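Peer 1: sequence first, then the predicted structure:
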Amino acid sequence: MRHAGDTISAYLDGELRPEEVHRLLEHLASCGRCSAEMTALQGVRSSVRSLPMIELPRGTLPEAEVTPIPLRRNRGFIAAVAAAVVAAVIGIAALVTPPPESISVEDLNSRFGARLSLDPAFGPAKVLVPETVELQR
Amino acid sequence: MVEPVPLNWEEVARVYGRKIYNFAYRLTGNPADSADLVQEVLLRVRKGLESYQPGSFDGWLWRITRNAFLDEVRRKKRRPQISLPDEVDRWDIAASPSADIEYDRLSIGDDIQKALLELPIEFREAVVLCDVVGLSYEEIAAATAVPIGTVRSRIHRGRKQLRDVLS
């Protein structure tokens, strides 16, 4: 019986034609030796592939800036976590805070006016609010 | 299929510099030699881009890279130098601010790196081009100027030797 040989590596690398894949899988089903080799070489291949990418030493490229990609990936992750935390806080705040009643222009005027009378430095000289506008929640 | 070609060597440096460095580092295990190789390759790319014919850019670039690597190996053989022990390179790295992190990153896979260095150069080169650089068999064949069947056999035999060394 002919063993699978280097078609095992070619299979792992996606370099076999469909009919070759078919033949290989058929052979593996009945050959313990080649199945074991497949498992072992799959492990070797992924070990080599998981070797860390090493950054260029500084000064290797005097005129070109090299962007370190892994840092970016980390930054993206941190940004995602931060965004999730912010979203959660907003969500909780929205749940906890009772929805405001509809606010009329009069309400605004009276609140604003109260602040104005206590704090002369607060607010613009004149607030222009169309009288018909009503702020809904 | 014609791939988009980087217009200038700065772009090649930006996009491929780190990969070329890792190719050399995995073949030699030596940071200083690997950095030298990156610079040598970029010089050759700068000259070669003038006469570059559209085709497989990866095939073209990696042919330049491995030829530069082989020239370097031959040069070193003619004029043997006292090579620095590994520890000195590590000290160099230890002078940089992210020393601990970088040291950890380097020591992950130390056993695999050692095993790679035990392979015959043809097998090592094929495995590194496949599994570190990520080239297809066709691109490796173009880069190393051998038939695809030879690439396939070298990668397979390289991996089998790695398995034997690592087990």
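Peer 2: Looks like it came in fine.

Peer 1: need the per-residue pLDDT for the residue in chain B positioned nearest to chain A.
Peer 2: Chain A sits closest to B:His156 of chain B, with a gap of 3.6 Å, by Cβ to the nearest Cβ. Quick note: C-beta positions are derived from backbone N, CA and C, even for glycine. At B:His156, the model reports a pLDDT of 98.

Peer 1: isn't there a helix covering it?
Peer 2: Yes: according to DSSP: H, G, I helix; E, B strand; the rest coil, B:His156 belongs to a helix.

Peer 1: where are the low-confidence patches of the chain?
Peer 2: If you meant another chain, say so; for now it's chain A. A:1, A:62-78, A:81, A:94-137 (pLDDT under 70).

Peer 1: meant chain B actually
Peer 2: Checking chain B against pLDDT under 70 turns up B:1-7, B:79-108.

Peer 1: for the residue nearest to the spatial centre of it, which residues are in contact?
Peer 2: Using Cα atoms, centre = their mean, the residue of chain B that lies closest to the mean C-alpha position is B:Phe23, 2.1 Å off. Contact analysis of B:Phe23 by Cβ atoms under 8 Å, 6 or more residues apart in numbering or on different chains lists B:Trp62, B:Thr65, B:Phe69, B:Val128, B:Leu129, B:Val132, B:Val133.

Peer 1: hang on, the earlier thing: the residue of chain B closest to chain A is in contact with A:Gly5, isn't it?
Peer 2: Yes: under the criterion of Cβ atoms under 8 Å, B:His156 makes contact with A:Gly5 at 7.1 Å.

Peer 1: more crowded one of the two?
Peer 2: Using other Cβ atoms under 10 Å in any protein chain shown, the more surrounded residue of B:His156 and A:Gly5 is B:His156, with 24 against 15.

Peer 1: for chain B, which segments count as helices?
Peer 2: For chain B, the helices defined by DSSP state H cover B:9-28, B:31-48, B:57-78, B:86-94, B:99-107, B:110-117, B:121-128, B:137-144, B:148-166.

Peer 1: of the ones you listed, which is nearest A:Gly91?
Peer 2: helix B:99-107 (35.2 Å; Cβ to Cβ).

Peer 1: stretch B:46-63 near chain A anywhere?
Peer 2: No: counting by Cβ under 8 Å from any Cβ of the partner chain, no contacts exist between stretch B:46-63 and chain A, the nearest distance being 10.7 Å.

Peer 1: can you list the residues of chain A near chain B?
Peer 2: A:5-6, A:8-10, A:13, A:15, A:37, A:40-41, A:43-45, A:47-58, A:60-61, A:63-67, A:69.

Peer 1: which residues does B:Leu37 contact?
Peer 2: Contacts of B:Leu37 by Cβ under 8 Å, 6+ apart are B:Ile20, B:Tyr21, B:Ala24, B:Thr65, B:Ala68, B:Phe69, B:Glu72.

Peer 1: farthest-apart pair in those, please.
Peer 2: Farthest pair in the contacts of B:Leu37, by Cβ to Cβ: B:Tyr21 and B:Glu72, 13.7 Å.

Peer 1: okay, these two: which has more neighbours?
Peer 2: Neighbour tally, B:Tyr21 and B:Glu72, criterion other Cβ under 10 Å: the higher count belongs to B:Tyr21, 24 against 16.

Peer 1: ok now do that one, which residues does it touch?
Peer 2: Contacts of B:Tyr21 (Cβ under 8 Å, 6+ apart): A:Ile54, A:Leu56, A:Thr60, B:Ser34, B:Ala35, B:Leu37, B:Val38.
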